[in-house]
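[1] Could you look at this predicted model? Sequence included:
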Amino acid sequence: QVQLVESGGGLVQTGGSLRLACAASGSTFSTYTMGWFRQAPGEQRELVAAISSFGSISYAASAKGRFTISRDNAKNMVYLQMNSLKPEDTAVYYCAGKRTGWTKLYDPGDYAYWGQGTQVAVSS
């Protein structure tokens, strides 16, 4: 069992930056594929970025060039650095983990573990 706790959300102006952090419990964290999802009101939950246990990375088109996902397996942490934020980035951001490898990255149903979410709001 893995527990995930996000932090780092907040309110920023357009063009600003935030760094989200996800703290994971459990000794098998390093074997998990980890993802950051977001969900805006009335929208479906969507993948922002994912990182595999061995460091492969995938970004949604909306995140490429602005967001950076990273992990520190020694600290059981996953990060999402978000730069050049836009109002359309406003959403609740969730950290998620799965053991099913580097497949179905964009399917929230394939992730077994979820954090409680952290709100990101970008003002125009």
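    Here it is on my side, so go on. Numbering: from 1, shown residues only.
[2] who does the helix or strand harbouring residue 78 pair up with?
    Element membership for residue 78, per DSSP states H and E: strand 77-82. Here strand 77-82 is paired, per DSSP bridges, with strand 18-24 (antiparallel), strand 67-72 (antiparallel).
[3] Now do the strands in this protein.
    4-7, 10-13, 18-24, 33-39, 46-51, 57-59, 67-72, 77-82, 91-98, 113-114, 118-123 (DSSP state E).
[4] which one of the strands paired with strand 77-82 is the most hemmed in?
    strand 18-24 (a mean of 20; mean count of other CB atoms under 10 Å). Glycine gets a C-beta too; all of them are placed from N, C-alpha and C.
[5] what residues does that one touch?
    Residues from elsewhere that reach strand 18-24, judged by CB atoms under 8 Å, 6 or more residues apart in numbering: 2-10, 12, 32, 34, 36, 76-82, 85, 93, 95, 97, 115, 118, 120.
[6] What distance do you get for the residue minimising distance to the centre of the chain to residue 117?
    Centroid check for the chain by CA atoms, centre = their mean gives residue 36 as the closest residue, at 1.7 Å. Noted for residue 36: a distance of 11 Å to residue 117, by CB to CB, to the nearest Å.
[7] Touching both of these two, which residues are there?
    With CB under 8 Å, 6+ apart, residue 36 and residue 117 have common neighbours 93-94.
[8] follow-up on the earlier one: for the strands of the chain, give me TSV that also has mean pLDDT and distance to residue 105.
    Below are the strands of the chain laid out as TSV (pLDDT from 0 to 100; distance: least, CB to CB, whole Å):
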stretch	mean pLDDT	distance to residue 105
strand 4-7	97	17
strand 10-13	98	27
strand 18-24	98	16
strand 33-39	98	7
strand 46-51	98	5
strand 57-59	97	6
strand 67-72	98	11
strand 77-82	98	14
strand 91-98	97	9
strand 113-114	96	15
strand 118-123	98	21
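[9] Adding distance to residue 106 as columns, could you present the ones you listed in CSV?
    Shown next, in CSV, are the strands of the chain (distance: least, CB to CB, whole Å):
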stretch, distance to residue 106
strand 4-7, 19
strand 10-13, 26
strand 18-24, 18
strand 33-39, 9
strand 46-51, 5
strand 57-59, 8
strand 67-72, 14
strand 77-82, 16
strand 91-98, 11
strand 113-114, 15
strand 118-123, 20
